[in-house]
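[1] here is the input, now give the coordinates:
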Amino acid sequence: MPFGIVVTILSLIVAFFRRVLWGWWPLSIFAKVPDLRGSWEIEIDSNFDKESRDEPIKGTAIIRQTFDTLSIRTKTDSQTSFLIAHSIIRHSDDVYEVTGVYQSDPDLDLRGSQSEIHYGAFRYSINGPPVDEMKGHYWTDRNTRGKIQLIKNKNKR
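    As a prediction, this is how the structure comes out:
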């Protein structure tokens, strides 16, 4: 078989594994990467503007993932945010954590009066498998911080 055909076939197999196969059983057992893909409900207990609200901030997160990439986009009533950098950490006892840096973009009408574009970092503990909940905390460059909980929406993927 010509070299070019072999390289093409192997490249297609690797690309298919990175995108799809890593999350399928039994390959997921060997991949050692928790499957976080899907739609999540989020609840944020923040010290930002705490005096004006009685309850935690609620929102949604969409997580897209391949074997070696991760995208997290969150949305609340007043902001959207997206992941800039991340790491999935596997501890020696097979407990996983996700850490990341993100940019938060407040709605345009809030900028200049209540909130500005800001950057933050987070650390989530992963419960599972299957992964249906993550809990953690975050902090930002505007000196806000809080707890966050993500619960997987089982009705959406």
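[2] kindly indicate whether the nearest residue to residue 129 once chain neighbours are set aside is helix, strand or coil.
    Excluding its sequence neighbours, the residue lying closest to residue 129 (CB to CB, 6 or more residues apart in numbering) is residue 34, at 6.7 Å. To be clear about C-beta, it is placed using only N, CA and C from the backbone, and glycine gets the same treatment. When classified by DSSP: H, G, I helix; E, B strand; the rest coil, residue 34 comes out as coil.
[3] buried sites along stretch 140-152?
    140, 144, 146, 148, 149, 150, 152 (16 or more other CB atoms under 10 Å).
[4] do the same with stretch 87-99
    88, 96, 97, 98.
[5] now the second one: how far from residue 125?
    Same thing as residue 96. 8 Å (CB to CB, to the nearest Å).
[6] lowest-confidence helix or strand of the protein?
    Ranked by mean pLDDT, DSSP states H and E, the weakest helix or strand in the chain is helix 27-31, scoring a mean of 74.
[7] let's see that one as PDB, backbone CA atoms only.
    Output in PDB follows, covering the C-alpha atoms of helix 27-31 (Å, rounded to 0.1, in the frame of the first residue of the first chain):
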ATOM      1  CA  LEU A  27     -12.400   3.100  24.700                       C
ATOM      2  CA  SER A  28     -13.500   5.600  27.400                       C
ATOM      3  CA  ILE A  29     -12.000   3.300  30.000                       C
ATOM      4  CA  PHE A  30      -8.600   3.700  28.500                       C
ATOM      5  CA  ALA A  31      -8.900   7.300  27.400                       C
END
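[8] show residues contacting that helix.
    With contacts defined as CB atoms under 8 Å, 6 or more residues apart in numbering, helix 27-31 is touched by 17, 21, 22, 23, 35, 67.
[9] one more pass at 10 Å, please.
    Helix 27-31 has contacts (CB atoms under 10 Å, 6 or more residues apart in numbering) with 17, 20, 21, 22, 23, 24, 34, 35, 67, 129.
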